[in-house]
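Enquirer: Let me see the structure of the following:
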Amino acid sequence: MNSDHCLVEREGHVLVITLNRPERKNALSGGMLAGMYRGWRMLDEDPELRVGILTGRGDVFCAGADLKAMGGDERDEEFQQLMAEVPDIHFQALLRHNRPMKPIIAAVEGFAVAGGTEILQGTDIRVAAEDAVFGVTEAKRGLFPMGGSSVRLRRQIPYTLAAEILLTARHVTAQEALDFGLVGRLVPSGQALAEAKKIAEVICDNGPVAIRALMHALREIDESYSEPDALAKEIEIGGPVFASKDAREGPRAFREKRKPVFTGE
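Expert: Predicted coordinates:
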């Protein structure tokens, strides 16, 4: 299992996870999935980390599964052993479930197709280069997108557009992805990671207690709730924020015309 296939690096309160197989268009490997899984758990469990960024090295974000390896003789014994301990490690790595309770920003350059678009749907904020390309292309290869796209995509963009993307398996331009709402902003080619870091810096400057509560609301209050139940859940999650030290510091700093010094308490 090649741990170099996924780089996990701390930059202050930010954890940057980089898919690192540029020679294979950052196609998913056992080492890459293991690295992502470990990175997400680190982000979730370390109180000093506040934001995660997912990006790809080179001019491709992720081209999905390594189709050249599928069905071949390649077998990663070390990854198989890890799967024995965490049977759904591949799904957790792709943010299908057990997502960290902290914001995740995707910084996309080039192709983000198949698994590349699937993992995108598990992130919270998405920045893409103007020449990025998206698509859930499994049907073209006779496969099924097991990363959650048949469920999530139609909840995140209009149903008819999701159906078209899934059933035709066509590529989607960055401008279409922005128009559909699949990504939030476009930047010039080569600038996605820099823009993601700017966003992460803004989030890190905000009150940690408020951000934690907001992430719980975003993760837990989904479409299965009725509006009255969802609003009641919001009060349950958000109410305790006002008893925090951060909630006192924010207004005090505003009155004193200075930048707040939040402690996360």
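Enquirer: quick one: the closest residue to residue 80 other than its chain neighbours and residue 178, what's the gap?
Expert: Excluding the flanking residues, the one nearest residue 80 by CB to CB, 6 or more residues apart in numbering is residue 30, at 7.9 Å. In short, each C-beta sits where N, CA and C put it, glycine included. Applying CB to CB, to the nearest Å, the value for residue 30 to residue 178 is 33 Å.
Enquirer: likewise residue 40?
Expert: 26 Å.
Enquirer: number of nearby residues for the residue nearest to residue 80?
Expert: 24 (other CB atoms under 10 Å).
Enquirer: just the strands in the stretch 51-200 of the chain please.
Expert: Using DSSP state E, counting those that start in this stretch, the strands of the stretch 51-200 of the chain run over 51-56, 104-108, 111-113, 125-129, 133-135, 172-173, 185-187.
Enquirer: From the contact counts, what lies against the longest one?
Expert: If contacts are counted by 3 or more CB pairs under 8 Å, 6 or more residues apart in numbering; DSSP states H and E, strand 51-56 sits against strand 14-19, helix 30-45, strand 104-108, helix 192-205.
Enquirer: which one of these is the most hemmed in?
Expert: strand 104-108 (a mean of 27; mean count of other CB atoms under 10 Å).
Enquirer: Just to check, residue 166 is in contact with residue 151?
Expert: No - Residue 166 is beyond contact range of residue 151, at 10.7 Å (criterion: CB atoms under 8 Å).
Enquirer: between those two, who's got more neighbours?
Expert: For residue 166 versus residue 151, neighbours defined as other CB under 10 Å are more numerous around residue 166 (20 against 13).
Enquirer: For residue 105, see how far away residue 43 is.
Expert: From residue 43 to residue 105 the distance is 11 Å (CB to CB).
Enquirer: rewinding a little: which one, of the helices and strands packed on strand 51-56, ends up nearest to residue 67?
Expert: helix 30-45 (14.7 Å; CB to CB).
Enquirer: average model confidence for that closest one?
Expert: Taken as a whole, helix 30-45 carries a mean pLDDT of 95.
Enquirer: So what touches that helix?
Expert: Contact with helix 30-45 is made by 1-8, 15, 17, 19-21, 26, 49, 52, 54, 76, 78-80, 82, 86, 89-90, 92-95, 98-102, 104, as judged by CB atoms under 8 Å, 6 or more residues apart in numbering.
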